[in-house]
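Student: need a structure here:
(2 chains)
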Amino acid sequence: MSPQFFLLAATLAAAPVLTFAQNAANQGGLDPASLKQPLSESWPTYSGDYTGQRFSRLTQINRETVKNLTLNWTIEVRAAGPDGNGGGDGGGRGGRGGRGGNPGVARTIVGGKGTGDVFVGASNIKGTILQVDGILYVTAPDHAWAIDARDGQELWHYYWKTRGGTHIGSRGAGMWHNYLYFETPDNYLVALDARTGEERWSVEIASFDEQYFSTMAPMVIGNKVIAGTGNDLDRPGFVQAFDAETGKLLWKTYTVPMNPGDPGLETWPSLDAARHGGGQHWIPGVYDPDTNLYILGTGNPTPGYTGVGRKGDNLYTCSLIALDADTGKLKWHYQTSPHDTHDWDSAQTPILIDGEVNGQPRKLLSTASRNGYFFTVDRVTGKHVVTSKFGATTNWALGLRETGEPEPNPAKEAIIPGSLVSPVEGGVTNWQPPAYNPQTGLFYTQENNGFNLLYLTDPDPRGSMGLGGKERINVGQSRNAFQAIDYKTGKPAWRHEWPRGGGGGFGVLTSAGNVVFTGDGSGNLVAFDAQIGTLLWHTRIGNITNAPQTYLLDGKQHLLVAVGTRIFDFVLY
Amino acid sequence: MRLRKLLTTTALLAAGLAAPLGAQTPPAAAPATAAPAPARANPRATFPAQQRPPGDPVLIAKGKAIYEITCRACHGPDLRGGDIGGPNLLRSDIVLKDDHGELLEPIIKNGKSTPGVTLVMAPLPLSSDDIRAVAEYIHDVVSTARGQGAPPPGPPVVLNIVVGDAAAGQAYFAAKCSSCHSATGDLRGLATRIGDPKDLQNAWVNGLRSAAAPAKPTTVTVTEASGQRVEGVLVRVDDFSVVLTAADGRRRTIVRRGNVPRVEIHDPRDAHTDLLAVYTDKDIHNVTAYLTTLK
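Tutor: Below you'll find the predicted structure:
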């Protein structure tokens, strides 16, 4: 049968649903209150739940059964607009129609303000895939797809004609009732009807002229959608909340001082420096319903490598910040990288841990920072609990301050004759999410130990701009590893050194089955014993590009992961 | 056609096995294509300031002349801010949002004060046409900005990276390097082969992985439980298999189960890798100063 026939049939079948959708997108679907529940059968928000733990309570896949995982289906998403533009391989719609009994690709709904002819590069899946009621919601820059979780069939495809912007990634979608939200590289927050892919509204969330670009997975908290943006050109960072139904801006909080008298201004030489100081919010934070705090890690200060024009700690860049989710008001901060000069932003997803320190129950938050240091703080007050160095070769700090922040060594900044710095620009870890397993009490993260020779190429006393003014040469690699860190001490309970060439940036999943899934950097998806770190299973599907995820469908536990534009669904029969 | 091919190549590379640690930074741009120049100044530009079509050269030249006389003292010869304290125009939200001077005109004509900043910009006696020309010049400079917020390339700056003590470097070399290398043997004429001191420093710290001195291959010995050994050039290794090319040119993939078989890797660069965690920057600069004498 022809793809045209199916398109027609699909349109006819969808017609009554569309009518219904006009009225009821704000009812039914995903109840935002359910996001407060621990991760279980679905995967309804970026980290699965608000804790950032990426800990599933499912136990079918466990230390004994993981070796029986079977490929259920695999598909390649087509990151191309109807005209073949928009990155990917230009297959366009209908590009794989009929193959393997698959009745063609669903229709593409086109939105966006651009001409669609801007070069954007490849569109890999580098974010979380939502799974709600048996439907997967997948994003890549300028694209969103709904896919039947049972057989990998594409249900709809939404394509955003871009004006441009840095197309580095899309970290996923957020969901509220039947609304699906995602950000575009040219700074729109787009709300789709999750059932049809039709656009409900789109609002511009940052200035394209000012060279912001948006990659974050929107975070739904109650009836609000939190959005974040990125920027490399010395523009200030901010966090914004929008009304989930209308897209109206509810609050906007800058992450750097913007006005005379703003707190933190004393950590900058001038208001002008602060207002150009960066601190972008580009990876979703976590939410603590008990305190109503949205807690996130902010990006690097700018100019990135030449700190000469921004002497001081540069608050609130490279910091954990806790915002009141209703007002956006800053409640506490803890700076994990004072006066960063290496582009090691602290955007990594922190994790809420209900733990115990010195026999006392504590509400904690831990983060493994790109700069090679691991931190545990009190998540109610922001008070420091633990700092440890988890990057074996990390060499940029003189030591720790009394309150646990690493003290940067000025000699390890970019200098004319070159300084040998570890980690490399990409960091000991990066945006790829870590995981925490409350059964083992361990925090799981990659550990990358590369070296850069870092040269100052623009010794101008005014400093450079953006990430300019330096030359960065990779000069070698100590062995990379994977670590299970005790949040109470910051020390590894176990550490697996990857064979040479292995390791890198790979997200993590853990579960009550006491397994940990991640990528090994050598093309394998691997499973560890969460307790002791022995390898239990692997499959050579290529290096994963998002964090593995798990959910229950028809009574069976699935394992989902993406490699580039290809999605793999494994199941335990 | 060419662009499509590049797209495909990029996609394949990105989806392949060699995915590096992905930072929030764009992948390296593919080589520039030889496509005819379109309306845009830079077809690969992703932001408006770099996407705009080239301006009128006559107007730009006029604007530059006015800028040099009227604006340069405060905003600097390169627009990145001047000694008197005028802000950097290249990262100014007003400049970035301006199209053809419409946002700059009221500021230039009326002056500007900023809360919290003592410096005040005085009104300037420029005509609307002059302001339009200055705006075209500013936008022309901004359009040449490089990726990731880096400024336009300025005039070349010669920087001397050789700051070390050659005698101390020679002593370090004798202690740490001479078991593998010799100034009169393999490194004879090194500074002639690699003339640029920065290239030389990068190469030696890196273990001489350069065209001037291609690296020796990494070899591997695999010993089965039975004692049988297989040797060859390492292709790749992970926790589950080791791949080598044996002396007969055959590729062998050997499955690993924990420590069986035993896998021993011999990488001639290991000494360099191990030293990375040991060197001080001073050691590096001293050794570089010494090696630049090996003409």
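Student: any residues touching the helix or strand where B:I254 lies, and which ones?
Tutor: Following DSSP states H and E, one finds B:I254 within strand B:251-255. Contacts with strand B:251-255, where a contact means CB atoms under 8 Å, 6 or more residues apart in numbering or on different chains, come from B:V222, B:V230, B:G232, B:V235, B:F240, B:S241, B:V242, B:V243, B:L244, B:T245, B:A246, B:P261. Bear in mind the C-beta positions are built from the backbone N, C-alpha and C, glycine included.
Student: which non-adjacent residue is nearest the first one?
Tutor: The reference is to B:V222. Leaving aside its chain neighbours, B:V222 sits nearest to B:V230 (4.6 Å; criterion: CB to CB, 6 or more residues apart in numbering or on different chains).
Student: Find the closest residue to chain A in the stretch 101-250 of chain B.
Tutor: When scored by CB to the nearest CB, the stretch 101-250 of chain B has B:G149 as its residue closest to chain A, at 1.8 Å.
Student: Could you pull up the contacting residues of that residue?
Tutor: So B:G149 contacts A:211, A:231-234, A:302-304, A:465-468, B:91 (CB under 8 Å, 6+ apart).
Student: pretty sure the residue nearest to B:V222 contacts B:A246?
Tutor: Yes. Counting by CB atoms under 8 Å, B:V230 does reach B:A246; the two are 6.7 Å apart.
Student: Comparing the two, which shows the higher neighbour count?
Tutor: Using other CB atoms under 10 Å in any protein chain shown, the more surrounded residue of B:V230 and B:A246 is B:V230, with 15 against 12.
Student: tell me which strands and helices the helix or strand harbouring the more buried one is in contact with?
Tutor: Secondary structure from DSSP H and E places B:V230 in strand B:229-237. Applying 3 or more CB pairs under 8 Å, 6 or more residues apart in numbering or on different chains; DSSP states H and E, one finds that strand B:229-237 contacts strand B:219-223, strand B:241-245, strand B:251-255, strand B:262-266.
Student: mind checking which of these is nearest B:L124?
Tutor: Shortest distance between B:L124 and the helices and strands packed on strand B:229-237, using CB to CB, is found for strand B:262-266: 68.3 Å.
Student: which residues touch the residue in the stretch 251-400 of chain A that chain B sits nearest to?
Tutor: Nearest to chain B in the stretch 251-400 of chain A, going by CB to the nearest CB, is A:P260, at a distance of 3.5 Å. By CB under 8 Å, 6+ apart, the residues touching A:P260 are A:L271, B:P115, B:G116.
Student: Let's see that with 6 Å instead.
Tutor: B:P115, B:G116 (CB atoms under 6 Å, 6 or more residues apart in numbering or on different chains).
Student: so it is in which element?
Tutor: Applying DSSP H and E, one finds A:P260 in no helix or strand.
Student: Give me the secondary structure label for B:K282.
Tutor: helix (DSSP: H, G, I helix; E, B strand; the rest coil).
Student: ok, now how distant is it from chain A?
Tutor: Between B:K282 and chain A the computed distance is 9 Å (CB to the nearest CB, to the nearest Å).
Student: Skipping adjacent residues, who's closest to that residue in space?
Tutor: Using CB to CB, 6+ apart, the closest residue to B:K282 is B:G164 (7.1 Å).
Student: Quick check, that neighbour in contact with B:A289.
Tutor: Yes. Using CB atoms under 6 Å, B:G164 is in contact with B:A289, at 3.5 Å.
Student: number of nearby residues for residue 232?
Tutor: Chain wasn't specified; assuming chain A. 29.
Student: hm, I was asking about chain B
Tutor: By other CB under 10 Å, the burial measure for B:G232, its neighbour count, is 21.
Student: can you pull the contacts of it?
Tutor: B:G232 sits in contact with B:L244, B:T245, B:A246, where contact means CB under 6 Å, 6+ apart.
Student: for those residues, which one is nearest A:K311?
Tutor: B:L244 (53.0 Å).
Student: from memory the closest one sits against B:V220, does it?
Tutor: Yes. B:L244 is in contact with B:V220 according to CB under 6 Å; the separation is 5.2 Å.
Student: between these two, what contacts are shared?
Tutor: With CB under 6 Å, 6+ apart as the test, B:L244 and B:V220 both reach B:L234.
Student: distance of A:I221 from B:V95?
Tutor: 36 Å (CB to CB, to the nearest Å).
Student: Revised request: answer the last question for A:V428.
Tutor: 37 Å.
Student: The strand holding B:V230 pairs with which strands, and in what direction?
Tutor: Paired with strand B:229-237 in the same sheet, following DSSP bridges, are strand B:219-223 (antiparallel), strand B:241-245 (antiparallel).
Student: export that strand as PDB, just CAs?
Tutor: Output of strand B:229-237 as PDB, limited to C-alpha atoms (Å, rounded to 0.1, in the frame of the first residue of the first chain):
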ATOM      1  CA  ARG B 229      50.100 -16.200  23.400                       C
ATOM      2  CA  VAL B 230      48.900 -13.900  20.600                       C
ATOM      3  CA  GLU B 231      50.800 -10.700  19.900                       C
ATOM      4  CA  GLY B 232      50.100  -7.900  17.500                       C
ATOM      5  CA  VAL B 233      49.300  -4.200  17.000                       C
ATOM      6  CA  LEU B 234      46.400  -3.100  19.200                       C
ATOM      7  CA  VAL B 235      43.300  -2.000  17.200                       C
ATOM      8  CA  ARG B 236      41.100  -1.500  20.200                       C
ATOM      9  CA  VAL B 237      40.200  -2.800  23.600                       C
END
